Every structure is written in structure tokens, then in C-alpha cells.
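Q: only the shape, not the letters, is given here:
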């Protein structure tokens, strides 16, 4: 059998195509020259209609955590093989999630190594001074800012960061006039696996605080775009590690600080029905779901408590609950005023816990 011959060249068809392209180009040039505003308006209108059409065909899927993790009693009860989906937008491939149960360092990042060294120095100083630590704060950037630094850098720190450090010293050091002695062990950018690695590699050694205050998870959710279930497992794995190593201590899980893309900072689970995926995913429904699961878990364990950040960063309005904007530096990080209110609320909780211990 012979191969089939290629399609023959049709000169008339080719010339017709060229004429059509040339005519279209000439017409567009004419419109741009004499009707630029009208043409641009038409393009904008077409774009809006295209986006609205895409939005209308994109179904909103409310965040879900299929399994009940409230009765978890050890790290061995947590299984990554049971995770329904790893990524915030569904599936397992569209995110940069790390195994929430596996410790992972970022020792290749100079800033991370520097920050970890600073944390170890804080611990060594506390041990050398003989201070009894009442509360150890462990977490990410929100916790590292209590120490007046970002990724280990405290030299030439912005005034806002210095103010946060002063607030910490006043509330959580007895030398500064506080009722409690605290130590901030955070590193900016950490996800749960990095915090777990630090706890397993020296950041629990030599200190025995009465309370471990855990603040982690927003990096897993917002930066790595992990699913709500993955974020929850990462937090629970850290809690279980602290419980194992420090069985006589109390643990407080700080819920994820609320954030939203809704104008005015209004918190609503209906956001996905009004703003579809092409506008970017709003994190509040996911944060709300994670926090509810953390609260349920804490309620079933006598050595664990949940701290609700809504009590600090949210107020009621005629549109419903909304974030207090003047407490926030950006959608995720509080400013010094926010830290002041947060710190006072933490002190209040610690006093309540101390009273219960002494009763």
C-alpha cells in the first residue's frame, strides 16, 4: 500500500484567507483610530460577560472535614492515608502541602536557621537565669513577632515590631511588670511540620512551662493552600507531641485569626456564592471550620483548652460579625494595637487557668 498524498495546496483558498485577515485587521485599525472608546468599552463588556459566565458555571463547594477528630488521643490515631483531599481547592496536586504528621526543617533557609538559633538562645537564657516559665508560645510569624523579630532579624526592626516586643515584655515578663513569665518561640513562615521539627529538636528541652500556647496553621492554609483536614491534622500532631513530652502541662490551642476578602471585613460562610473562584478563594469559611473542629477537640480533653480569637479581633455590626480593621496590619497579621488586645486576653485566660489550678 502507498502512503496517502498530502493535501494539495489550494491557491484560491489561501488568497481568500489572506484577504479575510487583511480585511479584519483594516477594520480593527479603523475602529481603533476613530472609535477607540467604543471599542475598548465593548472589549471590557465582553470580558465582564465572560467572567460572569465562568462564575455562573463554577459551583461553590463549602469546605468540609469528613472525619471526626475530636476523640484523637495520641499521634498514632492520626493517619495521612485517610485524608479526603490534600488541597484547598480539591484534589491532591494543586497545592504545596507537606505531610502534616512528618517533622520537616528548613535548615537550608538562612533566615530560618538564624531564627531557630535565637529561639535556642532564649531557652538557654531562661534556663541559666533559673526563671520558672509560666507559658511557652510556639508558632509562626505571629509568635515570632512577640520576640520583636522576623526570621531572626531584630536589628533595625520597624517601630511597629519594637512596640509588639514591648507589649510582650510588659505582659509576659515579671521584670517588665507582668504577672507571668513567658517565652516566644516562633519562626515566620513556618507550617505545622516545621514547628513539629523544632519541638522534636531542642525547643522543648530544659523548660517546663505550666502552659504551652500553640499558634500555627495559617501558613499551611493561606500559603501552601492545604485543605482544612490537612491543617487540622498538623495542629493536632503538634498538640499530641506536647502532650507526650510534657504530660503535666496544659495546652491552649489558639484558633486561626479570622481573615476575609469581603468588603468591610464581614465574616460570612456565603462568600463563595457571591464571589467565585476567579476572584480568589476566601479563607474565612475554611478558618471557621478548622476552628470549630479545634474547639470540639479541646472540649473533650481535660488538659487542652481552646482560645477563640474571635473574642479579640471581631465585633458585631449591622451587617453581622466583622473583623476590627484597626487591629490588623494586613489581612493576616495584627498590628501593635491588635497585639495589645490579644495579649490582655491571653493574660485573662492564664489567670483563669491559674485560679482553677489553685482551687
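A: Everything's here; your move. Just so it is clear, the structure is predicted and the values come from calculations on it, not from any experiment.
Q: list the buried residues in stretch 241-255.
A: Across stretch 241-255, burial judged by 16 or more other C-beta atoms under 10 Å covers 241-243, 246, 249-255. Backbone N, C-alpha and C define where each C-beta goes, glycine included.
Q: endpoints of that stretch, how far apart?
A: Distance across stretch 241-255, first residue to last, is 18 Å (C-alpha to C-alpha, to the nearest Å).
Q: identify the farthest-apart pair in the buried residues of stretch 241-255.
A: The two members of the buried residues of stretch 241-255 with the most space between them (C-beta to C-beta) are 246 and 255, at 21.3 Å.
Q: what about the nearest residue to residue 104 once chain neighbours are set aside, how many neighbours?
A: For residue 104, ignoring the flanking residues on the chain, the nearest one in space by C-beta to C-beta, 6 or more residues apart in numbering is residue 193 at 4.0 Å. Taking other C-beta atoms under 10 Å as the neighbour definition, residue 193 ends up with a count of 24.
Q: for the one 3 residues further on, same thing?
A: Look at residue 196: counted by other C-beta under 10 Å, it has 25 neighbours.
Q: tell me which helix or strand of the protein sits lowest on mean pLDDT?
A: Sorting the helices and strands of the chain by mean pLDDT, DSSP states H and E puts helix 271-274 at the bottom, at a mean of 43.
Q: that one: what's the following helix or strand?
A: Downstream of helix 271-274, the first helix or strand assigned by DSSP states H and E is helix 284-299.
Q: could you pull up the mean pLDDT of that next one?
A: Mean per-residue pLDDT for helix 284-299: 96.
Q: any low-confidence regions in the stretch 151-300 of the chain?
A: Counting by pLDDT under 70, the stretch 151-300 of the chain shows low-confidence ranges at 261, 263-266, 269-280.
Q: now do 80
A: Filtered on pLDDT under 80, the stretch 151-300 of the chain yields the residue ranges 260-281.
Q: mind listing the strands for it?
A: 182-186, 211-215, 250-254 (DSSP state E, counting those that start in this stretch).
Q: quick one, the last one and strand 211-215 angle?
A: Angle of strand 250-254 versus strand 211-215, following axes from the mean of the first three to the mean of the last three C-alpha atoms, to 10 degrees, is 20 degrees.
Q: do the first one as well
A: Using the same axes, to 10 degrees, the direction of strand 182-186 lies 30 degrees away from that of strand 211-215.
Q: elements contacting strand 182-186?
A: If contacts are counted by 3 or more C-beta pairs under 8 Å, 6 or more residues apart in numbering; DSSP states H and E, strand 182-186 sits against helix 110-129, strand 135-139, helix 141-144, helix 159-172.
Q: and those as JSON lines, adding distance to residue 73 and mean neighbour count?
A: Formatted as JSON lines, those follow (distance: least, C-beta to C-beta, whole Å; neighbours: other C-beta atoms under 10 Å):
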{"stretch": "helix 110-129", "distance to residue 73": "29", "mean neighbour count": "16"}
{"stretch": "strand 135-139", "distance to residue 73": "21", "mean neighbour count": "25"}
{"stretch": "helix 141-144", "distance to residue 73": "26", "mean neighbour count": "24"}
{"stretch": "helix 159-172", "distance to residue 73": "31", "mean neighbour count": "18"}
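Q: from residue 287, how far off is residue 259?
A: Per C-beta to C-beta, to the nearest Å, residue 259 is found 7 Å from residue 287.
Q: show me where the stretch 201-350 of the chain has helices.
A: 218, 228-245, 271-274, 284-299, 310-313, 336-358 (DSSP state H, counting those that start in this stretch).
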